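Undergrad: Okay, sequence plus prediction incoming.
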Amino acid sequence: MEVAANQPIRVQSVAQAGLSQVPHQFVQRPDQRPNCSPASPSSYSVPVIDLFGFDPNYRDSVRDAVGRASSDWGAFHVTGHGIPAELLRRIKTLGLTFFNDTPISDKLKYACDPSYAASEGYGSRMLERDDTVLDWRDYFDHHTLPLSRRDPSRWPHFPADYRQVVAEYSDRMAVLARDLMGLVSESLGLPTRCIEDAIGEFYQNITISYYPPCPQPELTLGLQAHSDIGAITLLVQDEVGGLEVLKDGQWSTVQPLADDAVIVLLADQTEIITNGRYRSAVHRAITNASRARLSAATFHDPSKTTKISPSSELISESSPQRYREVLYGDYVSSWYKGPEGKRNIDALLIDY
Ligand SMILES: O=C(O)CCC(=O)C(=O)O
Ligand SMILES: [Fe+2]
């Protein structure tokens, strides 16, 4: 397949061409393919935690459950978080409207600027190097917080409530992310605001990912294995499923739950701040031959000028500092250049 320089391949257009084989740029190396490692038994899956609306009467047991899930998985579902299921449904239907019901000529009006990493808008992974393997995914990235970054005129104009729903979703997710950081901090015996204060003002992005049906799911990945680089990610997926989390060297499917469930993924900055007591969740998305899949990920990151280091309260003679301090902006730029499939955070580990 010919690829125009500087123009991403729109995966949805490839899928619609009805090929029986995927173009070679999408073929994963054999050791990265979905079935190359044994799957976990289906009974072995990320915990589900009812937050009971942050009712203080349940706080002790909820905090314990969050602590266990954070150290065992770095990932868990939450319910009882107070965000209306209707809003969680709506963000997915808006995403489907953009990808399924908008002509490509209109979609391209929102195209990301390919010369700028993490630019806002409609995107697909670019061929950066000869050996880049492309994800079977298109996406729409929204810059939502701080408010100075939020410019809804860059988001789809259709349906009429698209922009208002994304703004409301952003605000509700920011509150939930902050409350969850409080629980995660407390679960390590830290002051409630410890992680939140270390992150400073949130930079929040919402990425809606669209994974078209794929003629060769056994050769491809919707999204290659990675951990998220910020502090905490809140994800909703549709009923199709395809998200997997790595635990003890095995990929475990994150089953779609009812509409009110939100998946929490601890990300690299939380691993640093907790001095490795909680690891960031390595995850990926697989594809399937029959149904398109949609997810919405809300990322919460520090500003690029924030220095991140392990909390002093978690450092002692018996538990020495494990990660070097890093300027978040430097972490982001090394990530964009970094080798595929490697944990960037390992570059910060201190050797003793
Ligand atoms: O689609 C998914 O389930 C995963 C999305 C994700 O991991 C990401 O956008 O970083
Ligand atoms: Fe991710």
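TA: Received the coordinates, thanks. All values reported here derive from a predicted model rather than from experimental measurement. Ligands and ions are numbered 1, 2, ... in the order given.

Undergrad: neighbours of residue 313, just the number please.
TA: 13 (other C-beta atoms under 10 Å). Placement of C-beta: from N, CA and C, glycine included.

Undergrad: Excluding covalently adjacent residues, which one is nearest to residue 74?
TA: Computed as C-beta to C-beta, 6 or more residues apart in numbering, the closest residue to residue 74 that is not its neighbour in sequence is residue 281, at 3.7 Å.

Undergrad: One more: residue 120?
TA: Excluding the flanking residues, the one nearest residue 120 by C-beta to C-beta, 6+ apart is residue 143, at 4.9 Å.

Undergrad: Against which helices or strands is whichever strand or helix holds the one you found packed?
TA: Using DSSP states H and E, residue 143 sits in strand 138-145. Strand 138-145 sits against helix 85-101, strand 121-124, helix 162-187, strand 203-211, with contacts defined as 3 or more C-beta pairs under 8 Å, 6 or more residues apart in numbering; DSSP states H and E.

Undergrad: Now do the residue in the chain sticking out farthest from the centre against ligand 1, distance only.
TA: Distance from the centre of the chain peaks at residue 317, with 34.4 Å (C-alpha atoms, centre = their mean). Relative to ligand 1, residue 317 is positioned 37 Å away (C-beta to the nearest ligand atom, to the nearest Å).

Undergrad: And residue 148, by the same measure?
TA: 23 Å.

Undergrad: Which residue comes closest to residue 152 once chain neighbours are left out?
TA: In space, residue 152 is closest to residue 163, 3.9 Å off (C-beta to C-beta, 6+ apart).

Undergrad: Can you get me a residue count around the one you found?
TA: Residue 163 has 19 neighbours, counted by other C-beta under 10 Å.

Undergrad: OK, contacts around it?
TA: Shown in contact with residue 163 (C-beta atoms under 8 Å, 6 or more residues apart in numbering): 152, 155-157.

Undergrad: In the stretch 101-250 of the chain, where is pLDDT below threshold?
TA: Along the stretch 101-250 of the chain, segments meeting pLDDT under 70 are nowhere present.

Undergrad: Contact residues of it facing ligand 1?
TA: 207, 209, 223, 228, 235, 237, 243 (C-beta under 6 Å from any ligand atom).

Undergrad: Out of those residues, which comes closest to ligand 1?
TA: residue 243 (3.6 Å; C-beta to the nearest ligand atom).

Undergrad: Is the closest one in contact with residue 237, as I believe?
TA: Yes: taking C-beta atoms under 8 Å as the definition, residue 243 is a contact partner of residue 237 at 5.7 Å.

Undergrad: Need the overlap of contacts for those two.
TA: Between them, residue 243 and residue 237 share the contacting residues 254, 263, 295, judged by C-beta under 8 Å, 6+ apart.

Undergrad: From what I see, residue 53 and residue 79 are in contact.
TA: No: Residue 53 lies out of contact with residue 79 (C-beta under 8 Å); the separation is 10.1 Å.

Undergrad: more neighbours, these two?
TA: Between residue 53 and residue 79, residue 79 has the larger neighbour count (other C-beta under 10 Å), namely 15 against 9.

Undergrad: coming back round to it: which among the shared contacts of residue 243 and residue 237 are in contact with ligand 1?
TA: Restricting these to those near ligand 1 - C-beta under 6 Å from any ligand atom - leaves residue 295.
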